[in-house]
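Peer 1: A predicted structure for the sequence below; I have some questions about it.
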Amino acid sequence: MATRSPYKRQTKRTMIHSLPTPSASHRFISRKRISMMIPLALFSGAIFLFFMPFNSWGKSPGSLDLSRRIYEIEVVAEFPHDPDAFTQGLLYAGDDTLFESTGLYRQSSVRKVALRTGKVEILEKMDDSYFGEGLTLLGERLFQVAWLTNTGFTYDLRNLSKVKPFTHHMKDGWGLATDGKVLFGSDGTSTLYQMDPRTMKVTDKHTVRYNGREVRYLNELEYINNEVWANVWQSDCIARISPKDGALLGWILLPNLSKGLLKSGHRGIDVLNGIAWDSVKQRIFVTGKLWPKLYQIKLKPASETNEIHIERQCLV
Ligand SMILES: *[C@@H]1O[C@H](CO)[C@@H](O)[C@H](O)[C@H]1NC(C)=O
C-alpha cells in the first residue's frame, strides 16, 4: 500500500530588466568620447550581470534571498492543520486560503482550507478507488494527479466541483506545480517533467542529480522564484531544482519540524510533505502527512555541520 506522496502549485513572477537609456547630457560629449565610452559601458555592464546571481535580477526589496545553496529554517508562525489530512498537494491561493490534496484510499480529497484556523471550508471527496496526490492551480482550475494511475482530475477553483479527468504520460502521479504556463510534474523517480496543460503531453524532462547521484522520490512540488522546490519522499529535505535543465540549485533542511512534533508526543505523524508559496507576501508554508500543524518558515544559511550530511539526510 502506500505511504508516500507528493504535491503542488504555482506562482509567477515578472522580471523587468531595464537597460540604461542615454541621458540628455550625452549630447554635449564629443563623438569620439562616446565611441570610446560605449564599448566600455557594455563591457562593464556584462561583467556586472555576469557576477550578479541570476535570482537577484529584478528582485524587489524584502524578497526571498536564494543566493546560498544550502539553507536551514526558522519557524515564523504555526497554524493548525487537520491531523487526518494525508497531505499530498498544497498551494496558497491568496486571501489566507490554501488548497490541499489528500491521499489514502477512501479518504482522498481536495480541500479549501483557511490558513489561520486550519478549518476545511470545502471538501470534495475523490472516488474511493483513487489515492490523491499532487495539486496545482492554473487560472481557475485545480489540477490533481493520483497514485499508481495516469488519470488526473481538474476542479473548479470556486466550488471544487469536478470539471474533467485527464491522462498524463508520467510513470505515476506524485507532484504538480506550475509557473503559470507549463505544468511541472514528478512521479516518484528523479525525473522532473514539464507538461502542456492543454494536452498533458510531456514537453521536456530532466533527471535531477546531486554530486552525480540521482535524487529519487521527487514528491510534492512548488514553483518559487523561478525554482521548482521538491519534497524528497522520506527525507526532511526540500530540493531546489532549476526548471530549465533540472540542475540541483540547493537544499533546504527541515529535520527539526518532525523532530519537534515527535518530541511533543505526536506519534502518528508521517513524513514532511507539502510546500505552499504566497508570492505577494513572500511567505513559505510547509506541513506533512497527518501533521497537526502547518508552519510558516523562513530560510537561513545552514551551518557547516548541517551542510556536511546532505547526502545522508537527503538522498534516500
Ligand atoms: C535543529 O535544531 C538544533 C537545536 O536547536 C540545531 O542545533 C540544529 O542546527 C538544527 N538543525 C537544522 C538543520 O536546522
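Peer 2: Received the coordinates, thanks. Computed from a prediction, not measured in an experiment: that's the story for all the values here.
Peer 1: make it CA atoms for all contacts and neighbour counts henceforth
Peer 2: Will do.
Peer 1: which bits of this structure sit near the ligand?
Peer 2: Taking C-alpha under 6 Å from any ligand atom as the contact definition, the chain meets the ligand at 72-73, 253-256, 306.
Peer 1: how does it look with 5 Å?
Peer 2: Counting by C-alpha under 5 Å from any ligand atom, the chain comes close to the ligand at 72, 256.
Peer 1: pLDDT below threshold where in the chain?
Peer 2: Across the chain, the ranges flagged by pLDDT under 70 are 1-62.
Peer 1: I'd like to know how many residues surround Y130.
Peer 2: By other C-alpha atoms under 10 Å, 22 other residues sit near Y130.
Peer 1: so it versus F99, what's the distance?
Peer 2: 18 Å (C-alpha to C-alpha, to the nearest Å).
Peer 1: now do V110
Peer 2: From V110 to F99 the distance is 7 Å (C-alpha to C-alpha).
Peer 1: equivalent analysis for A276, please.
Peer 2: Taking C-alpha to C-alpha as the measure, A276 falls 9 Å from F99.
Peer 1: list the contacts for the closest residue to E227 other than its chain neighbours?
Peer 2: Closest residue in space to E227, ignoring its immediate chain neighbours: S242 at 5.3 Å, by C-alpha to C-alpha, 6 or more residues apart in numbering. Contact analysis of S242 by C-alpha atoms under 8 Å, 6 or more residues apart in numbering lists 226-228, 248-249.
Peer 1: those residues in strands, which ones?
Peer 2: 227-228, 248-249 (DSSP state E).
Peer 1: tell me the one among those nearest to K125.
Peer 2: V228 (28.0 Å; C-alpha to C-alpha).
Peer 1: neighbours of the residue lying closest to that closest one once chain neighbours are set aside, how many?
Peer 2: For V228, ignoring the flanking residues on the chain, the nearest one in space by C-alpha to C-alpha, 6+ apart is I241 at 5.1 Å. I241: 22 surrounding residues under other C-alpha under 10 Å.
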